[in-house]
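Enquirer: From the sequence below, what's the structure:
(one chain, ligands or ions: 1)
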Amino acid sequence: AYDVLIVGGGPAGAAAAVYAARKGIRTGVAAERFGGQVNDTLAIENFVSVMETEGPKFAAALESHVRAYDVDIMNLQRAKKLVPASEPGGLVSIELENGGVLKSRSVILSTGARWRNVNVPGEQEYKNKGVAYCPHCDGPLFKGKRVAVIGGGNSGVEAAIDLAGIVKHVSLLEFGEQLRADAVLVAKLKSLPNVTIYTMAQTTELTGDGNKLNGIRFTDRTTNESKHVELEGVFVQIGLVPNTEWIKGTVELSKHGEIVVDAKGQTNLPGVFAAGDVTTVPYKQIIIATGEGAKAALSAFDYLIRTPAP
Ligand code: FAD
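Expert: Residues are numbered from 1 along each chain as shown. From the prediction side, this is the model:
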């Protein structure tokens, strides 16, 4: 059995593994895809002290940092169930999709999240070529250009306000009759001179020239007319889905499906901690996920030295 078993090998899981291994305790990481979401991006310019890097390069660096320590890395392993310890201080079990069962005195859940896609033609083709999901990450790449934000909830409206300060013009597209964001945000958005709001707008296509994005096509659901706006970037803001389907009913989740953690990364289950995008901790960013991963590992270590095995 492990002392610490980390489920998920993104920035949070990798940081947790390094911190746990440095305590000299038996550490394992089971991950479906080591590196996590950073594999899907190109430029990373906000991990402080690293001026500029690329996603796959950053993911490889995470893995080699973990491999520098005595950590069991179990890559391409998908967890399907968590069974809590049957007695205080007992072993927590993680059942894998391949039938295997891993046991550990403490577990850190860092299975991350995924951006909901709009699923229209052009979205996959122009990902990282104009189609973006994270305004804090990619906003500055569109300085002085025209962009659209899809989604009129809080995250879409926040993104539009944020981007309006950087880019030349923002079009905000909302499917429903009105924006669903908090009134104070909507008022702020409406006060901005370089924003156009389209409601009853159903995105139908992200258009491009074969190399990069050049516009967005949508149906005006009031008139049934198809419209096309020329632009250089589209931010999809229709939800970030935490990867917690497999622990529903076992670990306490928020109404958005995020694992509820306290300031030490502790979940509602003894010996079970969580870190990164999968948790209720706000602002889903690499630097935050790594900090939270380190914190969860230190909390797990603290738990281990205070909790005698039965
Ligand atoms: P993730 O990176 O999501 O990793 C989750 C890990 O869990 C993966 O290893 C996954 O395979 C594994 N996993 C999931 N389910 C299971 C399961 N059931 N069993 C086993 N393993 C499982 N942030 C920035 O700070 N700067 C940027 O420039 C930036 N750009 C981004 C660009 C894009 C396109 C995207 C999508 C995100 C970007 N982000 C950026 C956000 C950043 O990638 C995330 O905040 C960060 O990766 C979160 O780390 P994490 O470890 O919590 O989760």
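
Enquirer: List, one by one, the residues from the stretch 151-300 of the chain near the ligand.
Expert: With Cβ under 6 Å from any ligand atom as the criterion, the stretch 151-300 of the chain comes near the ligand at residues 243, 246, 276-278, 284-287, 289. Bear in mind the C-beta positions are built from the backbone N, C-alpha and C, glycine included.

Enquirer: What subset of those residues is buried?
Expert: Buried subset of those (neighbour count, 16 or more other Cβ atoms under 10 Å): 243, 246, 276-278, 284-286, 289.

Enquirer: pLDDT weak spots in the chain?
Expert: Judged by pLDDT under 70, the chain has no weakly predicted residues.

Enquirer: quick one, helices of it?
Expert: 11-21, 55-67, 135-138, 154-164, 183-190, 286-306 (DSSP state H).

Enquirer: quick one: which of those helices is nearest Phe218?
Expert: For the helices of the chain, the distance to Phe218 is smallest for helix 154-164, at 14.2 Å, taking Cβ to Cβ.

Enquirer: Can you dump the C-alpha atoms of the closest one in CSV for me?
Expert: Listed next in CSV are the C-alpha coordinates belonging to helix 154-164 (Å, rounded to 0.1, in the frame of the first residue of the first chain):
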residue,chain,number,x,y,z
ASN,A,154,-20.9,34.9,-15.3
SER,A,155,-17.8,33.5,-16.9
GLY,A,156,-18.7,34.7,-20.4
VAL,A,157,-19.5,38.2,-19.2
GLU,A,158,-16.4,38.4,-17.0
ALA,A,159,-14.3,37.2,-19.9
ALA,A,160,-15.9,39.9,-22.2
ILE,A,161,-15.2,42.7,-19.7
ASP,A,162,-11.6,41.4,-19.2
LEU,A,163,-11.0,41.1,-22.9
ALA,A,164,-12.5,44.5,-23.8
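
Enquirer: who does that helix touch, helix- and strand-wise?
Expert: Packing partners of helix 154-164 (3 or more Cβ pairs under 8 Å, 6 or more residues apart in numbering; DSSP states H and E): helix 135-138, strand 146-150, strand 169-173, helix 183-190.

Enquirer: Now distance to Gly156 too, for the residues of the stretch 151-300 of the chain next to the ligand, in TSV please.
Expert: Putting those into TSV (distance: Cβ to Cβ, whole Å) gives the following:
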residue	distance to Gly156
Asn243	22
Trp246	28
Gly276	23
Asp277	18
Val278	22
Lys284	15
Gln285	18
Ile286	22
Ile287	23
Ala289	22
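
Enquirer: Next step: the residues you listed restricted to strands.
Expert: Using DSSP state E, the subset of those located in strands is empty.

Enquirer: ok, which pair from these is furthest apart?
Expert: It's Trp246 and Ile287 that sit farthest apart of these, by Cβ to Cβ, at 26.5 Å.

Enquirer: How about the contacts made by the nearest residue in space to Asn39 that is not next to it in sequence?
Expert: With Cβ to Cβ, 6 or more residues apart in numbering as the criterion, Asn39 has its nearest non-adjacent residue at 5.0 Å, and that residue is Ala59. Ala59 makes contact with 34-36, 38-39 under the criterion Cβ atoms under 8 Å, 6 or more residues apart in numbering.

Enquirer: what subset of those is also close to the ligand?
Expert: 34, 36, 38.

Enquirer: Which one (most neighbours) among the residues you listed?
Expert: Gly36 (29 neighbours; other Cβ atoms under 10 Å).

Enquirer: wouldn't it be in contact with Pro11 here?
Expert: Yes: under the criterion of Cβ atoms under 8 Å, Gly36 makes contact with Pro11 at 6.5 Å.

Enquirer: Could you work out the end-to-end span of stretch 23-33 for me?
Expert: 25 Å (Cα to Cα, to the nearest Å).
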